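*Asks:* Fold the following for me, if possible:
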Amino acid sequence: MPQWAQINIPEIDYQDIIYYAAPKQDAKKEWDDVDPELKATFDKLGIPLNEQKVLSGVAVDAVMDSISVKTTFKEALAEKGIIFCSFSEAVKDHPDLVRKYLGKVVPYTDNYFAALNSAVFSDGSFVYIPKGVRSPMELSTYFRINAAKTGQFERTLIIADEPVSALDVSIQAQIINLIKDLKVSHGITFIFISHDLSVIRCLADRTAVMYKGEIVEIGPEVFTNPQHPYTKALLDAVPKIKQ
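*Replies:* Reported below is the predicted structural model:
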């Protein structure tokens, strides 16, 4: 069990877990083909999957046990160049994007679970937003386990191909505050990659600077006593308020 998450997890019996479970139906995407019991389940949870009933401004990918049963507003988002679908669909329809980004933030060599999750996983969500495109609605994923003793080993990949600096300042602040809240409330460990060191300083407990694929500086000295020219250039690019 990796220690960097700083959480205490009881020993796991890997032989006592069901690794794949599917609802009665196959993963059909047409609304009329979705099992009525699944529809009723999500309706009771306040997550209607019929686009005619879904609250305006929210697209949902619903994963039941080990498969995605429905993704809403795919066509409307595709008109903007946004890909929002199940991960299994992305592997089939967008293999180049999956191959390019899968396992790049946390490499499979990092720990046992990263290797396992990069090699074997059940369904999850896939999002790709091209540079310069803003999503016209919120994107949401809902995961539900119905089978007892079943583990949900989903793989979700979100690619926002746009630099943080291109976003409106208020949106930047909302994103940063959301990440900080999730970190505290859920004990989430994450790797945040950005050229904006002011954002990194606000979010990160540990900071490393990479240049041409290699770590050139690491630690709090990145901000207080930078040594590498690239680190200095990044700090010089941070906007400063004139006194």
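
*Asks:* what sits up against stretch 191-198?
*Replies:* 105-106, 163-165, 179, 199-200, 203-204, 207, 222-223, 234-235, 237-239 (CB atoms under 8 Å, 6 or more residues apart in numbering). Yep, even glycine has a C-beta here, placed from its N, CA and C like the rest.

*Asks:* for the chain, longest helix please?
*Replies:* Counting by DSSP state H, the longest helix found in the chain is helix 169-186.

*Asks:* Quick one: mean pLDDT for that one?
*Replies:* For helix 169-186, mean pLDDT is 80.

*Asks:* right, and the helix or strand after that helix?
*Replies:* Note on helix 169-186: by DSSP states H and E, the next helix or strand toward the C-terminus is helix 197-203.

*Asks:* For that following helix, buried residues please.
*Replies:* 197, 198, 199, 200 (16 or more other CB atoms under 10 Å).

*Asks:* Tabulate the residues you listed (a markdown table), appending pLDDT and distance to residue 84.
*Replies:* Below are those laid out as a markdown table (pLDDT from 0 to 100; distance: CB to CB, whole Å):
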| residue | pLDDT | distance to residue 84 |
| --- | --- | --- |
| 197 | 86 | 31 |
| 198 | 84 | 30 |
| 199 | 83 | 25 |
| 200 | 86 | 28 |
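
*Asks:* How many neighbouring residues does residue 169 have?
*Replies:* 8 (other CB atoms under 10 Å).

*Asks:* do you know how far it is from residue 198?
*Replies:* According to CB to CB, to the nearest Å, residue 169 and residue 198 sit 12 Å apart.

*Asks:* same deal with residue 189?
*Replies:* For residue 189, the distance to residue 198 - CB to CB - is 22 Å.

*Asks:* Also residue 128?
*Replies:* Noted for residue 128: a distance of 27 Å to residue 198, by CB to CB.

*Asks:* Likewise for residue 120?
*Replies:* Counting by CB to CB - residue 120 and residue 198 are separated by 39 Å.

*Asks:* helix/strand/coil for the closest residue to residue 187 other than its chain neighbours?
*Replies:* The shortest distance from residue 187 to any non-neighbouring residue, by CB to CB, 6 or more residues apart in numbering, is to residue 7 (5.6 Å). For residue 7, the assignment made with DSSP: H, G, I helix; E, B strand; the rest coil gives coil.

*Asks:* what number of residues lie near residue 7?
*Replies:* 11.

*Asks:* these two touch, right, it and residue 186?
*Replies:* No. Between residue 7 and residue 186 there is no contact under CB atoms under 8 Å: 10.3 Å.

*Asks:* For the chain, just list every one of the helices.
*Replies:* Assigned by DSSP H, the chain shows helices spanning 36-44, 74-78, 87-93, 95-101, 112-119, 169-186, 197-203, 221-224, 229-236.

*Asks:* Please work out how many residues are found near residue 90.
*Replies:* Close neighbours of residue 90, defined as other CB under 10 Å, add up to 22.

*Asks:* and for stretch 229-243, what are the contacting residues?
*Replies:* 195, 196, 197, 198, 209, 211, 216, 217, 222, 223, 226.

*Asks:* Distance check, the first one against residue 236.
*Replies:* Spatial separation of residue 195 from residue 236 under the definition CB to CB is 12 Å.

*Asks:* who has more neighbours, those two?
*Replies:* Neighbours were counted for residue 195 and for residue 236 using other CB under 10 Å; residue 195 has more, 13 against 10.

*Asks:* which stretches of this structure have low pLDDT?
*Replies:* 1-6, 21-35, 37-39, 41-57, 65-66, 69, 147-152, 162-168, 240-243 (pLDDT under 70).

*Asks:* Domain map for it?
*Replies:* As given by automatic domain parsing, the domain ranges for the chain are 14-162, 166-236.

*Asks:* Spatially, what comes nearest to residue 208 if we skip its sequence neighbours?
*Replies:* Distance criterion CB to CB, 6+ apart; nearest residue to residue 208, sequence neighbours excluded, is residue 218 at 4.2 Å.
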